[in-house]
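# Just the structure for this:
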Amino acid sequence: MGGSYDSVKALKGIFSTARYMGQMGCEIAVIKGADLPDLRQMREQGQLLRGDFLDAFGRLETAVMQYIGKTDVKAAPGIPFSQKLTALAKARDRFRNPKRLDVRIAAIRELLPVRADIVHSALEVTASFDGRSISTKLQFQNASDAGRPPLALTADQLSAVIRRLNQLAAQFSQQRLREAAPAAPAFAT
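Numbers count the residues shown, from 1 in each chain. Take a look at the predicted model:
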């Protein structure tokens, strides 16, 4: 089966990249009257938001570890973050307002499954059509509980979670410890 240069050239024209560029990557059916989202741009935005999420969670973990150090709680650096929170909660009597500490720790615990999903799964961009418009979401497969559906967030929702993490980190930096009882002055006799 020999082929000439002309037959290869004809095949290249049929299967050229320019001809199929609109079909490569993400395929969305054309919907009249709806603007099609740029899924590549959405994926890039999702990756940037994911990086911001990881940075914010890192700041929060650093703030928690600083208080663990101030309270003389025994927490090895290699233990999971949830166990560090438990260790910090045991030292609640060292804080001026232990109820605030409990509220902040509870808020962090609610975000731990979100962190697990975002960190330990691949980012997918999904698009859905509700009859009038197309909405896109960032979807992360469930990493912590197989019975739970995948985590699907809009870019705005993920930005709100990032703001919440930054707020919690700032609140931890403002958390006050109780004053240690002053030592009685030593008298020389």
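# all helices of the chain, in order?
All helices of the chain, identified by DSSP state H, fall at 5-14, 17-20, 39-70, 81-90, 98-120, 155-174.
# how close does the nearest residue to Ala75 once chain neighbours are set aside sit to Ile162?
Closest residue to Ala75 in three dimensions, ignoring its sequence neighbours and counting by CB to CB, 6 or more residues apart in numbering: Ala87, at 4.4 Å. Every C-beta, even on glycine, is put in place using the N, C-alpha and C of the backbone. Distance, Ala87 to Ile162, by CB to CB, to the nearest Å: 26 Å.
# And the pLDDT for the residue nearest to Ala75?
In this model, Ala87 is scored at 84, pLDDT.
# Ser159 now?
94.
# Find the residue closest to it in space, skipping its chain neighbours.
Leu49 (6.5 Å).
# what's the answer for Arg115, then?
Spatial nearest neighbour of Arg115, excluding adjacent residues (CB to CB, 6+ apart): Phe57 at 5.7 Å.
# And for that neighbour, the neighbour number?
Counted with other CB atoms under 10 Å, the neighbours of Phe57 add up to 24.
# That one is in contact with Ala116, isn't it?
No. Contact between Phe57 and Ala116 fails when scored by CB atoms under 8 Å: they sit 10.8 Å apart.
# Have a look at the protein and report the helix or strand with the lowest mean pLDDT.
For the chain, counting by mean pLDDT, DSSP states H and E, helix 17-20 ranks last in confidence among helices and strands (a mean of 50).
# So Ala169 versus Leu158, what's the distance?
From Ala169 to Leu158 the distance is 17 Å (CB to CB).
# do Asp72 as well
With distances taken as CB to CB, Asp72 is found 36 Å from Leu158.
# ditto for Val114
9 Å.
# Ok, Gln66 next?
26 Å.
# In terms of neighbours, single out the busier of those two.
Between Gln66 and Leu158, Leu158 has the larger neighbour count (other CB under 10 Å), namely 22 against 13.
# now the more buried one, nearest residue through space, not along the chain?
Excluding its sequence neighbours, the residue lying closest to Leu158 (CB to CB, 6+ apart) is Leu49, at 4.8 Å.
# Then Gln171?
Per CB to CB, 6+ apart, closest to Gln171 is Arg104, 5.9 Å.
# Just to check, the one you found is in contact with Phe172?
Yes. The criterion here is CB under 8 Å, and Arg104 meets it with Phe172 at 6.6 Å.
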